[in-house]
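> 3D, please:
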Amino acid sequence: MLCPQGVAAPLMLSSFLLQLVRANLPSGCLIASDILSCTNLGLVQFPVELPVMVVTLDFNHNRLESLKEGSFAGLPNLDTIRLAHNQLSRLTPGTFRNTSNIRHLDLSSNQLNIIEQHYFLELVGIEELLLYNNRIVRVESKALSGLSNLRKAYLSHNRLTDFPFFSIQDHANMTLDLSSNRMPNLPVEDIEALEESLQRGLFLHNNTLNCGCSIYSMFKQWEHRGFTSVRDFREEHTCLLHGDHRAPVKFLQYVRFFENCKVKLQIKKSLTADAGNSVKLNCETIQLKGKHLTYWWVSPSKEYIAPPGNNNTLRMYADGTLEILAAQVEDSGVYLCMAQYHQESLNETCEVNLTVLIHHQEEESFNTGFTTLLGCVVSLVLVLMYLYLTPCRCWCRKQPLPVTPSPANECSAQSSILTPTPPATTEGPGRKVSNNKHVVFLEPIKEAQNGRPRAALALDYPKLAVTRSDVDSVTSVFSDTTIVP
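Numbers count the residues shown, from 1 in each chain. Model prediction:
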């Protein structure tokens, strides 16, 4: 049985309240729409039964120490779980069984120690995971690898000494916050192997890093690429120098400690050219601009190019510019330029992605504006021709109107109407009505003597002799005409 729209909402709310009563929830829980809030109630155990229609569960600021298997099963609409500021130290396997629709999970400010691989196995739809301010010392390699929809993971303010960066290589555009941990070293090769969009979302500031050229070089590249993680937390990027006093150094501000490091800075750009044209690839530098540098290129076919280049197809100049004399489609690809400054053992790389296109000359499309104007002019000419020119001229014989008109001297009403000027017709002593008279210029016929036109014509034109045949002829002309007095 269907309920009216105005009755459906109250019935759903009453049904929800009935479920709430049957669930035997602790006193103090609040319900607002589809949100169930049981915050700051000092709960030690999680409720066994929950209303089926719940979308958001808020159990922040309690004393929950554990969650049983299937604690959230039977809640098909569940989207958000908030369990921050509790005392959870471990998650039982199957805790999130049948919860594939959950997108937001907040486990921050608990006592979690290890993120095991089974913790979030069932959360295939999770997008945001909050694990900051725990006691996490290790994240197992497969703990996050299966979460393909994960976009934000916050693990700052923990006790991590390392992290399996290789396990997140399939995540695109992900934000991973690992700041304020205890990582002394970073697997630079694994991090640089990640997609640039994923590197851009890594936050690694405020760790206990040991100073080294590889770490310094990686963060310097991020700085020149404009990563937010470096730009917004520039002073929080510190490392410890070896020696008597292991003082932290803000290595992005005080570069004098890393003068002997070979920093590889990379610039990426794209370029498009037409086949057959000459194209120049510039080897741009940022940090080494204005210095006396040595350049060389590597082509997409792994060909080493040095000055003066290949005189047949390639030419290289002293400033590092590489010119392709007549670019072809097969010349497309990534060209890598290396600029080296020997005095300080610094080098930068410039990556140019060249695409050579075959230029097809497109036929000029017909000017629709011109055709529209031409059509308007033609239409105007046709209208003027229709108004001022006679499309069909009927010549009628100038003879007395016979009693029975013959086809030879008949003129159609249409031709008489379109004739611009009536021909002068006078016969005998007076002007007679002929069958070629233009009816549109006839003076109105006066209705007189019970509507008989003969008397009216006789009064206005006393000299006009109107015979019976003439009246019949005139009457035939006006037989289909309505006269307005």
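> So the chain: which segments form each domain?
For the chain, the structural domains run 264-357, 407-477, going by automatic domain parsing.
> Which of those domains has the lowest mean pLDDT?
Note on the domains of the chain: lowest mean pLDDT is at domain 407-477, with a mean of 45.
> Show me where the stretch 151-300 of the chain has its helices.
188-192, 196-199, 213-224, 228-231 (DSSP state H, counting those that start in this stretch).
> Please save the CA atoms from the last one in PDB.
Extracted in PDB, the C-alpha atoms of helix 228-231 (Å, rounded to 0.1, in the frame of the first residue of the first chain):
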ATOM      1  CA  THR A 228      52.400  22.300  -1.500                       C
ATOM      2  CA  SER A 229      54.000  19.900   0.900                       C
ATOM      3  CA  VAL A 230      57.300  21.800   0.700                       C
ATOM      4  CA  ARG A 231      56.000  25.300   0.000                       C
END
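> buried stuff in it?
Ser229, Val230 (16 or more other C-beta atoms under 10 Å). In short, each C-beta sits where N, CA and C put it, glycine included.
> what packs against it?
With contacts taken as 3 or more C-beta pairs under 8 Å, 6 or more residues apart in numbering; DSSP states H and E, helix 228-231 sits against helix 213-224.
> And for the first one?
Judged by 3+ C-beta pairs under 8 Å, 6+ apart, helix 188-192 is in contact with helix 213-224.
> one step back: quick one: the helices of the stretch 151-300 of the chain as a markdown table, columns for distance to Asn312 too.
Below are the helices of the stretch 151-300 of the chain laid out as a markdown table (distance: least, C-beta to C-beta, whole Å):
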| stretch | distance to Asn312 |
| --- | --- |
| helix 188-192 | 36 |
| helix 196-199 | 35 |
| helix 213-224 | 36 |
| helix 228-231 | 44 |
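> winner for burial among the ones you listed?
Each of the helices of the stretch 151-300 of the chain was scored by mean neighbour count; the highest is helix 213-224, a mean of 19, by mean count of other C-beta atoms under 10 Å.
> Gly125 is nearest to which of the helices of the stretch 151-300 of the chain?
Taking C-beta to C-beta, helix 196-199 is the member of those nearest to Gly125, at 20.2 Å.
> Show me the contact partners of the closest one.
Ile168, Gln169, His171, Ala172, Asn173, Met174, Leu176, Ile191, Glu192, Trp222, Arg225, Phe227 (C-beta atoms under 8 Å, 6 or more residues apart in numbering).
> Can I have the buried ones of the residues you listed as a ChimeraX selection?
Selection of buried members from the contacts of helix 196-199 for ChimeraX, criterion 16+ other C-beta under 10 Å:
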select :168,171,174,176,191,192,222,225,227
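> now the helices of the stretch 151-300 of the chain as a markdown table including mean pLDDT?
Listed next are the helices of the stretch 151-300 of the chain as a markdown table, based on pLDDT from 0 to 100:
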| stretch | mean pLDDT |
| --- | --- |
| helix 188-192 | 91 |
| helix 196-199 | 88 |
| helix 213-224 | 87 |
| helix 228-231 | 92 |
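> just so I know, which of the ones you listed lies nearest Arg182?
Using C-beta to C-beta, the helices of the stretch 151-300 of the chain put helix 213-224 closest to Arg182, at 15.2 Å.
> Could you name the helices and strands sitting against that closest one?
Against helix 213-224 (3+ C-beta pairs under 8 Å, 6+ apart) you get helix 188-192, helix 228-231, strand 264-274.
> Determine which of the ones you listed approaches Met53 most closely.
Per C-beta to C-beta, nearest to Met53 of these: helix 228-231, 39.5 Å.
> can you list the helices and strands packed on helix 213-224 in TSV and add distance to Val44?
Output for the helices and strands packed on helix 213-224, formatted as TSV (distance: least, C-beta to C-beta, whole Å):
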stretch	distance to Val44
helix 188-192	42
helix 228-231	39
strand 264-274	55
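> among those, which is nearest Trp296?
Of the helices and strands packed on helix 213-224, nearest to Trp296 by C-beta to C-beta is strand 264-274, at 14.4 Å.
> Endpoints of stretch 106-115, how far apart?
Length of stretch 106-115, first residue to last, C-alpha to C-alpha, to the nearest Å: 14 Å.
> Going forward, the N-terminal residue is numbered 305.
I'll keep to 305 as the first residue from here, and by that count the last item is stretch 410-419.
> That one: which residues count as buried?
Asp410, Leu411, Ser412, Ser413, Asn414, Leu416, Ile419.
> What of stretch 606-615?
Going by 16+ other C-beta under 10 Å, stretch 606-615 has these buried residues: Ile609, Gly613.
> And the contacts of it?
Tyr599, Trp600, Trp601, Val602, Ser603, Leu618, Arg619, Met620, Tyr621, Ala622, Leu626, Glu627.
> for these, which one is nearest Asn581?
Nearest to Asn581 out of the contacts of stretch 606-615 is Glu627 (C-beta to C-beta; 11.1 Å).
> Tell me the spacing between the closest one and Arg619.
Using C-beta to C-beta, to the nearest Å, we find Glu627 at a distance of 4 Å from Arg619.
> Of the two, give the one with the bigger neighbour count.
Neighbours of Glu627 and Arg619, each counted by other C-beta atoms under 10 Å, are more numerous for Arg619; the result is 18 against 15.
> my read: the more buried one touches Leu629, true?
Yes - contact criterion C-beta atoms under 8 Å: Arg619 and Leu629 qualify, at 6.5 Å.
> who touches the nearest residue to Glu539 once chain neighbours are set aside in this structure?
Leaving out its chain neighbours, the residue that sits closest to Glu539 by C-beta to C-beta, 6 or more residues apart in numbering is Lys554, at 5.7 Å. Residues near Lys554 by C-beta under 8 Å, 6+ apart: Arg538, Glu539, His541, Thr542.
> hmm, 10 Å instead?
Arg538, Glu539, Glu540, His541, Thr542, Cys543 (C-beta atoms under 10 Å, 6 or more residues apart in numbering).
> Can you check these and name whichever has the most neighbours?
His541 (25 neighbours).
> Ramachandran angles for it?
phi -90, psi 100 (degrees, to the nearest 10).
> Quick check: Asn510 vs Ser445, distance?
24 Å.
> More neighbours: which of those two?
Neighbours were counted for Asn510 and for Ser445 using other C-beta under 10 Å; Asn510 has more, 18 against 12.
> Verify the stated contact: the more buried one with Asn462.
No - assessed by C-beta atoms under 10 Å, Asn510 is found out of contact with Asn462, at 11.9 Å.
> what touches both of these two?
Counting by C-beta under 10 Å, 6+ apart, the contacts common to Asn510 and Asn462 are Leu482, Ser483, Ser484, Asn485.
> Now rank those residues by neighbours and give me the top one.
Highest neighbour count within the shared contacts of Asn510 and Asn462: Leu482, with 24 neighbours (other C-beta under 10 Å).
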